[in-house]
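Trainee: fold the following and give me the result.
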Amino acid sequence: MSAKEKIQSLTHAWYGVSVVSAILGVVMNGIGVLSLGLAGVTLAFSLFFAWLLGFLLLRKSSFTRIVLIVLSAIGVVAGTLAVPWAVYQALLGDAPLTAGLGSALAMTFSVYMNARSFRVLTDRSVKAYFA
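Mentor: Numbers count the residues shown, from 1 in each chain. Purely as a prediction, here's the structure:
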């Protein structure tokens, strides 16, 4: 797979994350006018942001690549530290069990996507694409 294809695949994966996040937001907040409106705005913003970052990466923006490498590394570390806290809150805290476990699952998925982003952006072929 070429560097361009890897970047496109990563961008498409983030599109999927945006859609799933919007759906989960509606499910967790209930189906109401405000919930659906907020989910729609959030989805539009997330899709645009994912498209913009993917577009900049395909245009060989080294600055965007470096910023995303740093942010994805921070996301992996912060998410890895947050997952046990969410599980603790689910089991022993005041939050309902399903909400706490749902939060832990969402954070785990976030760690996975940030790790995938880091791996793609530091890949040899992708580095060479920006050179």
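Trainee: ok, now which ones touch residue 33?
Mentor: With C-beta atoms under 8 Å, 6 or more residues apart in numbering as the criterion, no residue contacts residue 33. All C-beta atoms are positioned from the backbone trio N, CA, C, and that covers glycine.
Trainee: tell me what the helix or strand containing residue 89 is packed against?
Mentor: Per DSSP states H and E, residue 89 falls inside helix 62-92. Using 3 or more C-beta pairs under 8 Å, 6 or more residues apart in numbering; DSSP states H and E, the elements in contact with helix 62-92 are helix 33-58, helix 97-121, helix 124-130.
Trainee: redo that, cut-off 6 Å
Mentor: Using 3 or more C-beta pairs under 6 Å, 6 or more residues apart in numbering; DSSP states H and E as the contact test, the elements touching helix 62-92 are helix 97-121.
Trainee: next, the angle from the helix it packs on to helix 33-58.
Mentor: Angle of helix 97-121 versus helix 33-58, following axes from the mean of the first three to the mean of the last three C-alpha atoms, to 10 degrees, is 20 degrees.
Trainee: now do helix 97-121 and helix 62-92, the angle between them.
Mentor: 160 degrees.
Trainee: from the chain's centroid, how far away is the helix or strand containing residue 5?
Mentor: Following DSSP H and E, one finds residue 5 within helix 3-29. Taking C-alpha atoms, centre = their mean, to the nearest Å, one finds helix 3-29 lying 7 Å from the centre of the chain it belongs to.
Trainee: buried ones in that helix?
Mentor: Using 16 or more other C-beta atoms under 10 Å as the burial criterion, the residues of helix 3-29 that qualify are 3, 6-7, 10-11, 13-14, 17-18, 21-22, 26.
Trainee: same question for that helix, mean pLDDT?
Mentor: Per-residue pLDDT over helix 3-29 has a mean of 92.
Trainee: need the max-distance pair from the buried residues of helix 3-29.
Mentor: Put simply, by C-beta to C-beta the two of the buried residues of helix 3-29 set farthest apart are 3 and 26, 35.8 Å from each other.
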